[in-house]
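Peer 1: Dropping the sequence and predicted coords here.
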Amino acid sequence: MIFLKIAQTDEGLAILLSPEALELLGALAGQEAGFEVSQDGELTIGARDMSFEARRERGRTFLERYDKTFQALAK
């Protein structure tokens, strides 16, 4: 298990990642990361994937989710 330090900044609290955590996350300074908590309380954290394939998949998911709305607006 990797332990991370929480620091106070001008903008709020920040989690400081050790070099080991950065390597595991595959993140760079300034890059966005996200996290989610499962129903059983497990925290998952990951670097944001902004590759073409990831962006295209997010777009497809958005269009599928709102397909009925777009169909209704097109009438």
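Peer 2: The structure has been received and is ready for your questions.
Peer 1: what does the helix of greatest length in the chain contact?
Peer 2: Taking DSSP state H as the criterion, the chain has its longest helix at helix 52-65. Identification of contacts with helix 52-65 by C-beta atoms under 8 Å, 6 or more residues apart in numbering yields Phe70. For every residue, glycine as well, the C-beta is placed using N, CA and C.
Peer 1: Tell me who's in contact with the residue most central in space within the chain.
Peer 2: Centroid check for the chain by C-alpha atoms, centre = their mean gives Gly34 as the closest residue, at 2.7 Å. Shown in contact with Gly34 (C-beta under 8 Å, 6+ apart): 45-46, 48.
Peer 1: how about it, secondary structure?
Peer 2: At Gly34, secondary structure determined by DSSP: H, G, I helix; E, B strand; the rest coil is strand.
Peer 1: And the pLDDT at it?
Peer 2: Here, the pLDDT recorded for Gly34 equals 85.
Peer 1: Tell me how far it lies from Asp10.
Peer 2: 22 Å (C-beta to C-beta, to the nearest Å).
Peer 1: Repeat that for Thr44.
Peer 2: In terms of C-beta to C-beta, Thr44 sits 28 Å off from Asp10.
Peer 1: Of those two, which one has the most company?
Peer 2: Per other C-beta atoms under 10 Å, whichever of Thr44 and Asp10 has more neighbours is Thr44, with 9 against 5.
Peer 1: Which of the helices or strands spans that one?
Peer 2: Following DSSP states H and E, the helix or strand that holds Thr44 is strand 43-47.
Peer 1: Using PDB, list the CA coordinates for that strand.
Peer 2: In PDB, the C-alpha atoms belonging to strand 43-47 read as follows (Å, rounded to 0.1, in the frame of the first residue of the first chain):
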ATOM      1  CA  LEU A  43     -11.500   4.100  -4.100                       C
ATOM      2  CA  THR A  44     -10.200   3.900  -7.600                       C
ATOM      3  CA  ILE A  45      -8.000   6.700  -9.000                       C
ATOM      4  CA  GLY A  46      -6.700   7.000 -12.600                       C
ATOM      5  CA  ALA A  47      -5.100   9.400 -15.000                       C
END
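Peer 1: Cool, thanks, signing off.
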